[in-house]
Each structure stands twice: as C-alpha cells, then as structure tokens.
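Trainee: Okay, here's the prediction I keep looking at, along with the sequence it came from:
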Amino acid sequence: MKLIVIILSALPILLHNQTYPVTLHQCEMNKIIVEENKIPFEIQLFNLKIKDEDGWKRTCDILEQANTLEIEIDTSTNISEPLPVYLFADKELVQKILIREERAYTQIHNPEYKYESELLEIEQATSTMAIQPDEAMRKEYESQGWMFLLFLVVAWIMTIIGMLPKQKIRNLFHH
C-alpha cells in the first residue's frame, strides 16, 4: 500500500486533473479502499464530511452499485494516504450526490478547488429549500409577532402608570 503512495508522490504533475479508473475493494464507515492495477489503497472523499452512519451506508451503496469508478485528484491536494480524491461513480461525482441528498457537506469553501462552485451551488440550493417556511408557518409567525407587540405596549403602559404618583392615578380614574 505504501508503494502506491510513493509512486503517486513521484508523479504529481501527471496525477492532478486526470481521472483514473479504479475498482472497489472495500467500503465501510470511515474507510474506502479501491484498487488500481490490483494494488489496493485507501482514499477519502476530497473536502467532504459525511454526516452520519446512514450517509456512509449510502456512499457504500453508490460505490457497490456503480458499473465504473474513477478518481481525480485536485491540483491543491498533497499526495498522502488516505488519498483525498474526487470520486466518480458511473461518471457522476459522488460528492455531488451526497450533498444533494443532504448526507454530507463540504468542509472548506476554497474557490481554487476544481468542483467548489458546483458543490457550493448544490449546498445552497438544498439549504435554501429546507428553510423556506410554508404559508401556514408564515401566518403563525405573523400572529405571534402581533401578540408580542401587544404585550410590549401593555407592559410599557403598565410601567408608565406604575411610575406616576398614586394621587395622579386616582385623579385619572375619578374624573
């Protein structure tokens, strides 16, 4: 396994921004091992945090069901093990699938990362859709706002009345 890292380290210019076909060797929570030329090595999804166990199960399902797997190394990546890669399953970026399904999120927003703008766009689209309140919620918030405003006005009036001398309060109500 260390041999592949040494080979990969020796060819950084050739490795970046190219896709390489791999086969799945093993997938489990927090661990993906692929093979290239029958040499297994561990990879990680570049700049992606999978949220939970269900996200990992979905990741493994995608990889196990794919007809083809390819990896691509971002130009900003240092060659290390596990190797941080963009992973494609049947020509679709796995990072995009997981973010779209809200099972993962990007860790760092760096405009120099190759697929950053696409991943960020998906993240923003899913989070925007998730927080838009429906009409019933909007009306409920609106009525709560009016109740809060009414409470403030009553509290303000009670404070003013409490600050007046008792003689003036009696005069207000007896005239």
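Mentor: Everything's here; your move. Numbers count the residues shown, from 1 in each chain.
Trainee: Quick one: residues contacting the residue nearest the centre of the chain.
Mentor: Nearest to the geometric centre of the chain sits Tyr105, at 2.1 Å (CA atoms, centre = their mean). Shown in contact with Tyr105 (CB atoms under 8 Å, 6 or more residues apart in numbering): 48-49, 51, 99, 123. All C-beta spots, glycine's among them, are computed from the backbone N, C-alpha and C.
Trainee: quick one: least confident of the residues you listed?
Mentor: Note: of these, the lowest pLDDT belongs to Glu123, at 87.
Trainee: before we move on, what SS does Asp54 have?
Mentor: Assigned state for Asp54: helix (three-state reduction, DSSP: H, G, I helix; E, B strand; the rest coil).
Trainee: Relative to the top strand by length along the chain, what are the paired strands and their orientations?
Mentor: Identified as the longest strand of the chain according to DSSP state E is strand 19-28. Using DSSP bridges, strand 19-28 pairs in its sheet with strand 31-36 (antiparallel), strand 69-72 (antiparallel).
Trainee: what stretches of this protein score poorly on pLDDT?
Mentor: Residues of the chain meeting the criterion pLDDT under 70: 1-17, 127-143, 145, 164, 166-170, 172-175.
Trainee: Helix, strand, or coil at the residue nearest to the centre of the chain?
Mentor: Tyr105 ends up strand, using three-state DSSP.
Trainee: tell me which residues of the strand or helix carrying Ile99 are tucked away?
Mentor: Per DSSP states H and E, Ile99 falls inside helix 94-100. Buried residues in helix 94-100, counted by 16 or more other CB atoms under 10 Å: 94-99.
Trainee: In JSON lines: the contacts of Tyr105, plus secondary structure.
Mentor: Formatted as JSON lines, the contacts of Tyr105 follow (three-state DSSP):
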{"residue": "Leu48", "secondary structure": "strand"}
{"residue": "Lys49", "secondary structure": "strand"}
{"residue": "Lys51", "secondary structure": "coil"}
{"residue": "Ile99", "secondary structure": "helix"}
{"residue": "Glu123", "secondary structure": "helix"}
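Trainee: If anything else comes up later, I'll come back, but that's it for now.
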